[in-house]
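# Predicted model, plus sequence, below.
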Amino acid sequence: MTRSRTAAATTTTTAATTTMMMMMLMHRACGIGARARLAVGGAMMGTASVVPSRLWSMRRLSSSSSPSSSYISNLRNVGIIAHVDHGKTTLVDCLLRHQEKSIKDQDRVMDSNDLEKERGMTILSKTTSIQYGDHRINIVDTPGHADFGGEVERILSMVDGVALVVDASEGPMTQTKFVLSKALKRGLRPFVVINKIDRPSARLGEVENEIFDLFASLDANDDQLDYPVVYASARDGWAVAEDYDEESIEKAREARDVSPLFDIIIDHVSAPKVDPDAPFSMLVTQIESNDFLGKLLLGRVSSGSVSVGDTLRALDPNGDVIDQNVRIPKIFARDGLAQVTTERAVAGDIVSMAGFTNATVNSTLCDNEVVEPLPSSPIDPPTVSMTFSVNSSPISGQEGTKVTSTAILQRLEKECESNVALKMVPTANREAFEVHGRGELQLGVLIEEMRREGFEMSVSPPRVCFRRSLPEAGTVVSDADADVADIVTDTDSMMPREIKELFEPVEEVTIDVDSGDAGQVIEKMARRKGEMTEMQTNDHGRTLMTFLVPMRGLVGYRAEFQNDTRGDGILNHTFHGYEKFMGTIDSSDKGAMIATQSGKATAYALNQLEPRGVLFISPGTVVYPGMVIGEHAKAGDIEVNAAKAKAMSNMRTTSKDEKVRLAPPKQMTLEDYISYVRDDEQIEVTPTSVRLRKRLLDSNDRRRLRRQHMQQQQQQQSN
């Protein structure tokens, strides 16, 4: 169904704006109408306006009255889901700006975490609430990166609809497919927001067709396929409905109007399907903290109502009572950017409650008469593990304040309690703790948070989580379905025939690069056992490729990919499933330059070491035996003395000594070290430094271990 747009240029529109508008309309008119569906009824440009924010106490009923059905019918719970960098958080800021006038452009107020602000990405899901006319709209902002997909999966139980945000230039990407599939499986009816339509590279017609094809490929039903579309520029703060023309775009731009988006939420997202007369129950989806009350449990009220002073209990997912006779001291709700107290919460509300000790994510808070816990959806399993241990280097304890195994254990337990995508498993070493996660980025963020809190520790290289068996061949398994004994992370001691029987996680990888770099990327993916499933080249000289790659092939590849594409390539991946072990992956790693003496690195010594490879340190850096100070230019490790000083003598020459000039060392961040670290090495993390070291600091111990490995390999070959 081709939808043409008629543009009538006005005399007040500048030449540049007219050109941009015409380009948008031409893009819009080129759609060939893949979405053969019923037209969305009703006018999208409503007349409702955002009224000043009302405190919850102004519209809350007294604790003695029954919940108002009219309030529930005017309540909307919506989640914002998208691929990374498609504009979710900016869109939420745009909606909040109608209620919180103090928000400035590009504030990203929902990204309140320090790491989120520094990296420009959403790590944790966050909720807010907006009063629009007579409707209360609860909005949940979600992460876009695949490593934090667990945040998306668990919040879907709180919402009754989702806004799928898609970049008008990039179109649907890997994480778009992941989050949409989760929403469709829960029976939610998404609506689509095509963002950044004012970009010159916008291709609206093609992106619309790609979105519809994605819905169809994920087996969306007829009701889900009948999705409305809003076109927006969240950065500039405006949106238009499907029947837009140039005049409506110009008006929306000048007025910074997003009312079409509010109207779609009210018309398309259904009110919560809850029972206000049943006993109270709420599924915990997130843990918050309060300086005075301690742990707060956030979730959506599934049934009944609760007031301050009520007595509740908590059930774990198995139905066992974990908290009994808990009196509710405070109930918190959101009102714009503020967290406000309320005396009462009814079915459909998203609130936080204090008072519980043992309850955690996926626990059910309920009246004493409730005996069955609310169902919680399983999430995709972790695919990568890292071991956190006490720092054992010669200079340990000098830079951190939290250095004991007990402090590390308590911090990891607290993180795993609030983040269901992480799982901690015991190890033979009481001072080492193995943590399973979704990817290197997720674990890297955890390490960075801990070092900023004053922790000092050693971290192992990332290892892939293999499985010995699957319930059914080809099915995706939740981590909760597998016994800890079924997960294998260390394959060094296993025979080759045993390794071949393992199942390994496979990722769906989407790569966007310049066409000139495509050949090199394909070659690297082939070496990593990657299988290409799709390849497209657009008119802008960019090539989009999709691969199925074992997770082993992606560990440590991101830094190499950025170097190969000169920082211009985009790589994203999401969990695809499990396959039988896909064979060994050849590695051509270079050796390491290992320090042999303690002290401070000298310019004299580093000047002699520079021709042998790439240095990671500069003069004055504290070194110790076993510390990796650089990358050897050849295969095999080399031991060097970086603290060697120039010998002093009474000899004099007619000319002064030449001044030592060193090239700047390679600056390695925590993420760089996680990608670079080898199996026999560890990352030493402190609040002020990140270093690379050998797992065995003594050179004699390393030689002895190499001999043992050689003997084991010879024995395996003979068998």
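Good, I have the coordinates. Residues are numbered from 1 along each chain as shown.
# so what's the closest residue to D310 other than its chain neighbours up against?
Distances taken as CB to CB, 6 or more residues apart in numbering put I328 closest to D310, at 5.2 Å, once the chain neighbours are dropped. From N, CA and C alone the C-beta is placed, and that goes for glycine too. Counting by CB atoms under 8 Å, 6 or more residues apart in numbering, I328 makes contact with 306-312, 353-355.
# V274 now?
With CB under 8 Å, 6+ apart, V274 has these contacts: 72, 301-303, 347-348.
# how close does it get to S281?
According to CB to CB, to the nearest Å, V274 stands 10 Å off from S281.
# Give me the common contacts of the two.
With CB under 8 Å, 6+ apart, V274 and S281 have common neighbours 301-303.
# re earlier: list just the nearest of the contacts of I328 to K529.
M353 (48.3 Å; CB to CB).
# Confirm the closest one sits in a helix?
No. Per DSSP: H, G, I helix; E, B strand; the rest coil, M353 lies outside any helix segment and is strand.
# burial measure for it, as a count.
27 (other CB atoms under 10 Å).
# Now do the contacts for it.
Counting by CB under 8 Å, 6+ apart, M353 has contacts 282, 296-297, 306, 328, 330-332, 365.
# Pull out the buried members of those residues.
Buried residues within the contacts of M353, counting neighbours by 16 or more other CB atoms under 10 Å: 282, 296-297, 306, 328, 330-332, 365.
# so what's Q286 bridging to?
Under the criterion DSSP bridges, Q286 forms beta bridges with L298.
# picking that back up, and the two most separated of the contacts of V274?
Pairwise distances among the contacts of V274 were taken by CB to CB; the largest, 12.3 Å, belongs to I72 and S302.
# what is in contact with these two at once?
Contacts common to I72 and S302, judged by CB under 8 Å, 6+ apart, are 274, 347.
# okay, these two: which has more neighbours?
Taking neighbours as other CB under 10 Å, I72 and S302 compare with S302 leading, 22 against 18.
# Doesn't that one lie inside a strand?
Yes. Counting by three-state DSSP, one finds S302 located in a strand.
# so what's it up against?
Each residue near S302 by CB under 8 Å, 6+ apart is listed here: 274, 281-283, 347, 374.
# what does R463 give?
384-386, 489-490.
# K524: what secondary structure?
K524 ends up helix, using three-state DSSP.
# Please name the residues that touch it.
557, 560-561, 564.
# Where does pLDDT dip in this structure?
1-68, 100-112, 471-485, 588, 649-658, 719 (pLDDT under 70).
# follow-up on the earlier one: dump the contacts of K524 to JSON lines, plus secondary structure, neighbour count and distance to G161.
Listed next are the contacts of K524 as JSON lines, based on DSSP: H, G, I helix; E, B strand; the rest coil; neighbours: other CB atoms under 10 Å; distance: CB to CB, whole Å:
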{"residue": "Y557", "secondary structure": "helix", "neighbour count": "22", "distance to G161": "37"}
{"residue": "E560", "secondary structure": "helix", "neighbour count": "12", "distance to G161": "41"}
{"residue": "F561", "secondary structure": "helix", "neighbour count": "21", "distance to G161": "36"}
{"residue": "D564", "secondary structure": "helix", "neighbour count": "17", "distance to G161": "41"}
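# Distance check, the nearest residue to P665 once chain neighbours are set aside against E631.
With CB to CB, 6+ apart as the criterion, P665 has its nearest non-adjacent residue at 4.6 Å, and that residue is L615. Between L615 and E631 the computed distance is 8 Å (CB to CB).
# Find the residues that touch each one of those two.
593, 666.
# Parallel or antiparallel, list what pairs with the host helix or strand of E434.
Using DSSP states H and E, E434 maps to strand 432-437. Using DSSP bridges, strand 432-437 pairs in its sheet with strand 384-390 (antiparallel), strand 423-425 (antiparallel).
# Just the buried ones from the contacts of R463?
For the contacts of R463, buried by 16+ other CB under 10 Å: 384-386, 489.
# Nearest to F503, out of these: which one, please.
Using CB to CB, those come closest to F503 at T489, 13.3 Å.
# Show the contacting residues for the closest one.
385, 434, 436, 463-466.
# Let me know the closest of those to A241.
Among these, and counting by CB to CB, the member closest to A241 is H436, at 44.9 Å.
# Across the sheet, point out what pairs with that closest one.
S385, K423.
# How much space separates it from F388?
Relative to F388, and taking CB to CB, H436 is found at 12 Å.
# next one: Y578
For Y578 relative to F388 (CB to CB), the value is 26 Å.
# When those two are compared, which one has more neighbours?
More neighbours surround F388 than the other of Y578 and F388, with 26 against 22 (other CB under 10 Å).
# Now the more buried one. Nearest residue, chain neighbours left out?
F433 (5.0 Å).
# so the one you found makes contact with C416?
No. Using CB atoms under 8 Å, F433 is not in contact with C416, being 9.9 Å away.
# intersection of neighbour lists for these two?
M424.
# who's more crowded, the two?
F433 (23 against 20).
# Now do the contacts for the more buried one.
Counting by CB under 8 Å, 6+ apart, F433 has contacts 387-389, 408-409, 412, 424, 426-427.
# Which of those residues are buried, as a ChimeraX select command?
The following ChimeraX line selects those of those that are buried, judged by 16+ other CB under 10 Å:
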select :387,388,389,408,412,424
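# A338: which of the contacts of F433 is nearest?
Closest to A338, out of all of these and judged by CB to CB, is L412, at 32.2 Å.
# check contacts around the closest one.
Per CB under 8 Å, 6+ apart, neighbours of L412: 388, 424, 433, 435.
# Going by distance to E242, which of those wins?
Distance to E242, by CB to CB, is smallest for V435 among the contacts of L412, at 46.3 Å.
# And T127, how far from G439?
Taken as CB to CB, the span from T127 to G439 is 25 Å.
# Then S493?
Taking CB to CB, one finds S493 at 25 Å from G439.
# higher neighbour count, the two?
Neighbours were counted for S493 and for G439 using other CB under 10 Å; G439 has more, 25 against 7.
# Can you give me the neighbour number for the residue lying closest to G237 once chain neighbours are set aside?
Of all residues not flanking G237 in the chain, R256 sits nearest, at 4.1 Å (CB to CB, 6+ apart). Using other CB under 10 Å, R256 is surrounded by 15 other residues.
# Closest to the centroid, which residue in this structure?
What sits nearest the mean C-alpha location of the chain, by CA atoms, centre = their mean, is F148, with 2.8 Å.
# give me phi/psi at that residue?
phi -110, psi 30 (degrees, to the nearest 10).
# got the contact list for it?
Contact analysis of F148 by CB under 8 Å, 6+ apart lists 122-124, 421, 438, 441-442.
# is it possible to export the residues you listed to CSV including neighbour count?
Below are the contacts of F148 laid out as CSV (neighbours: other CB atoms under 10 Å):
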residue, neighbour count
T122, 25
I123, 19
L124, 20
A421, 23
R438, 24
L441, 20
Q442, 24
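# Please enumerate the strands of the stretch 451-600 of the chain.
All strands of the stretch 451-600 of the chain, identified by DSSP state E, counting those that start in this stretch, fall at 457-459, 463-464, 466-467, 487-488, 503-514, 531-537, 542-550, 570-580, 592-595, 599-600.
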